[in-house]
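Undergrad: Coordinates for the following, if possible.
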Amino acid sequence: MTTAPAEGHVLPPLLRDLFPARSVPGPAGEVLLHVQHVLDTEVAPTAAQRDRTGGYPHQAIAALKRTGILALAVPREWGGMGIAQELSLEIMLRIAMADPAVAQIYKVHDDLLREIFVYAPAAFRGPLARRVVDGHAILGMAVAENGRTADSFLQTLARPGPEGTHFISGRKIYATGASGADLVAVSSFDPVRAQQTGSIRDGVRMDIIPHDTAGLVFHHDWNRMGQRATDSGTVTLEDVQVDDRWNALSPDAPLPQHVSLRFQAGFSAILTGIGIGALRAVCAFVPQRARPWGTAGVDSADQDPYVRRLLGEIGADLFGAYCSVMQAGRMLDGYEQGHVTRNAVAMAASAARSVATRAALRAAGDAPAAAGARGTDAVNGLDRYWRDARTLSLHDPVDWKNAEIGRHLLTGWAPEPGLYQ
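TA: Numbering: from 1, shown residues only. Predicted structure coming up:
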């Protein structure tokens, strides 16, 4: 095991010296040590059961709430810890090793906070920060809609209500984390305001709605082969009355241009975490329970040179994925500090998504070969790694990431900011 650096709070190695220990200074390091303990003792041991039953992971999220993790992405000036995005990606990856469904729920919370504190009115930020920092409120998301294409929005409509309110009606899909969230971020479109101002942008809203608001209905209809405990099903809104003070989107605020890139980096972190989790599970299984192949002429499966080669190649792929994810995080931080261009971040985020997708799918699909037929026993749960990786990898086509990198390399093209590029 790696000899950890003395300074700061030291997070344990992800997997021996290939993914060594990490030192995190200050209060954030203390929180992350607590998070890691909860992951190891409460979240990981129950992940297979959550995969079997599905539904929102209430107990796992409650355990993480007690660590203070929800305040990490809140800016320091609003009472949070304001950690760098690179460190947030490390957290997502570590949670994904324990349970990638829980990691995706946390990712939504982290992403939303980083986005909202950029464009929200000043009067909105204080109350939201207090709900998160002091009240341990977690945010869920109800944004995607079932349009003809994946980027079709503006079907959920807001209409003016009594003074200072609106009524929202519509249907959302892929509402990750919403069913168990304390606060749900809901996008909608106010055609009246858009017509009055002559600007579609002015009609777009992002309301933060308490979970128990009348008319907000969670259908719990998520039934995919993987990421089952995200409960990312349908949410409908039936004349949900919202207070305009909780519309996070200030009409005149500039929108951040790298939101989609942050989302992609987070998916890459979770995919890499799934892959490392699968590899770690197989590496623990092989020496103790796998049988060596007869012609290998060895006493235990971990001495088989082909087993070593297979797991070594998978480990090397995952090491590359880990490094690319961390680089994407550093580029995101650099962009916010004005040090790099958006296109440089886009290339890094797309490259990380490409590498992480391949590495995760190979790890989840091929590493169990080293365990042999015994590894397929349902009690081991090795199949869930592939089901989770395959499901998450389909969030949007990785082939488009590769094509965009290639187009840039060939022509110098830079993608315009958009929902997926």
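Undergrad: what about the strands in this protein?
TA: For the chain, applying DSSP state E gives strands covering 9-11, 22-24, 139-142, 157-160, 165-172, 183-189, 204-210, 216-218, 235-243.
Undergrad: For Arg193, give me its contacts.
TA: Asp202, Gly203 (CB atoms under 8 Å, 6 or more residues apart in numbering). C-beta here means a position set from N, CA and C on the backbone, and glycine is covered the same way.
Undergrad: Excluding chain neighbours, what is closest to the most centrally placed residue in the chain?
TA: By CA atoms, centre = their mean, the chain has its centre lying nearest to Lys107, at 3.3 Å. In this structure, Lys107 finds its nearest non-sequential neighbour in Gly266, 4.4 Å apart by CB to CB, 6 or more residues apart in numbering.
Undergrad: about what we covered before: adding mean pLDDT and mean neighbour count, write the strands of the chain out as CSV.
TA: Compiled in CSV, these are given as follows (pLDDT from 0 to 100; neighbours: other CB atoms under 10 Å):
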stretch, mean pLDDT, mean neighbour count
strand 9-11, 96, 19
strand 22-24, 95, 18
strand 139-142, 98, 27
strand 157-160, 96, 18
strand 165-172, 97, 19
strand 183-189, 97, 25
strand 204-210, 96, 21
strand 216-218, 98, 18
strand 235-243, 97, 18
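Undergrad: So which of those is nearest Asp388?
TA: strand 139-142 (18.9 Å; CB to CB).
Undergrad: how far does the closest one sit from the chain's center?
TA: The chain centroid and the centroid of strand 139-142 are separated by 12 Å under CA atoms, centre = their mean, to the nearest Å.
Undergrad: and that strand, what other elements does it pack with?
TA: Helices and strands touching strand 139-142, by 3 or more CB pairs under 8 Å, 6 or more residues apart in numbering; DSSP states H and E, are helix 100-119, strand 183-189.
Undergrad: what's the closest of those to Ala281?
TA: helix 100-119 (13.0 Å).
Undergrad: Averaged pLDDT, the closest one. What do you get?
TA: For helix 100-119, the mean per-residue pLDDT is 97.
Undergrad: again with stretch 328-343
TA: Stretch 328-343 comes out at a mean pLDDT of 97.
Undergrad: so where is the protein shaky, pLDDT-wise?
TA: The chain contains residues with pLDDT under 70 at 1-7, 151-152.
Undergrad: Identify the residues contacting Ala363.
TA: Ile274, Gly275, Ile276, Ala278, Leu279, Ile314, Asp317, Leu318, Tyr385, Ala389.
Undergrad: again, only this time at 7 Å
TA: Gly275, Ala278, Leu279, Ile314, Leu318 (CB atoms under 7 Å, 6 or more residues apart in numbering).
Undergrad: re earlier: dump the strands of the chain to JSON lines, plus distance to Asn343.
TA: Shown next, in JSON lines, are the strands of the chain (distance: least, CB to CB, whole Å):
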{"stretch": "strand 9-11", "distance to Asn343": "32"}
{"stretch": "strand 22-24", "distance to Asn343": "29"}
{"stretch": "strand 139-142", "distance to Asn343": "27"}
{"stretch": "strand 157-160", "distance to Asn343": "34"}
{"stretch": "strand 165-172", "distance to Asn343": "31"}
{"stretch": "strand 183-189", "distance to Asn343": "26"}
{"stretch": "strand 204-210", "distance to Asn343": "25"}
{"stretch": "strand 216-218", "distance to Asn343": "39"}
{"stretch": "strand 235-243", "distance to Asn343": "35"}
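Undergrad: between those strands, which gets nearest to Leu87?
TA: Distance to Leu87, taken as CB to CB, is lowest for strand 22-24 among the strands of the chain, at 6.9 Å.
Undergrad: For Ala28, see how far away Ser354 is.
TA: Between Ser354 and Ala28 the computed distance is 30 Å (CB to CB, to the nearest Å).
Undergrad: Of the two, give the one with the bigger neighbour count.
TA: Shown here are Ser354 and Ala28; by other CB atoms under 10 Å, Ala28 has more neighbours (22 against 19).
Undergrad: Next, count neighbours for Gly54.
TA: 18.
Undergrad: surely it meets Ala229?
TA: Yes. With contacts counted by CB atoms under 7 Å, Gly54 reaches Ala229, the gap being 6.2 Å.
Undergrad: which other residues reach stretch 210-223?
TA: 54-55, 178-179, 181-184, 209, 230-240.
Undergrad: what distance separates that stretch from the centre of its chain?
TA: For stretch 210-223, the distance to the chain centre is 21 Å (CA atoms, centre = their mean).
Undergrad: thinking the residue nearest to Lys107 is in contact with Ile105, fair?
TA: No. In this structure, Gly266 is not within contact of Ile105 by CB under 7 Å, at 11.5 Å.
Undergrad: Include distance to Gly329 when you put the helices and strands packed on strand 139-142 into a markdown table, please.
TA: Conversion of these to a markdown table gives the following (distance: least, CB to CB, whole Å):
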| stretch | distance to Gly329 |
| --- | --- |
| helix 100-119 | 12 |
| strand 183-189 | 22 |
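Undergrad: Tell me which of these approaches Gly294 most closely.
TA: Closest among the helices and strands packed on strand 139-142, using CB to CB: helix 100-119, at 36.5 Å.
Undergrad: residues of the closest one that come out buried?
TA: By 16 or more other CB atoms under 10 Å, the buried positions in helix 100-119 come out as 100-119.
Undergrad: and what of stretch 404-412?
TA: Using 16+ other CB under 10 Å as the test for burial, stretch 404-412 gives Glu404, Ile405, His408.
Undergrad: So which residues make contact with it?
TA: With CB under 7 Å, 6+ apart as the test, stretch 404-412 has contacts from Met347, Ser350, Ala351, Trp413, Ala414, Pro415, Gln421.
Undergrad: Just give me the neighbour total for the first one.
TA: If you count neighbours by other CB under 10 Å, Met347 ends up with 21.
Undergrad: tell me which residues of stretch 363-383 are tucked away?
TA: For stretch 363-383, by 16+ other CB under 10 Å, it's 363-368, 370-372, 375, 380, 382-383.
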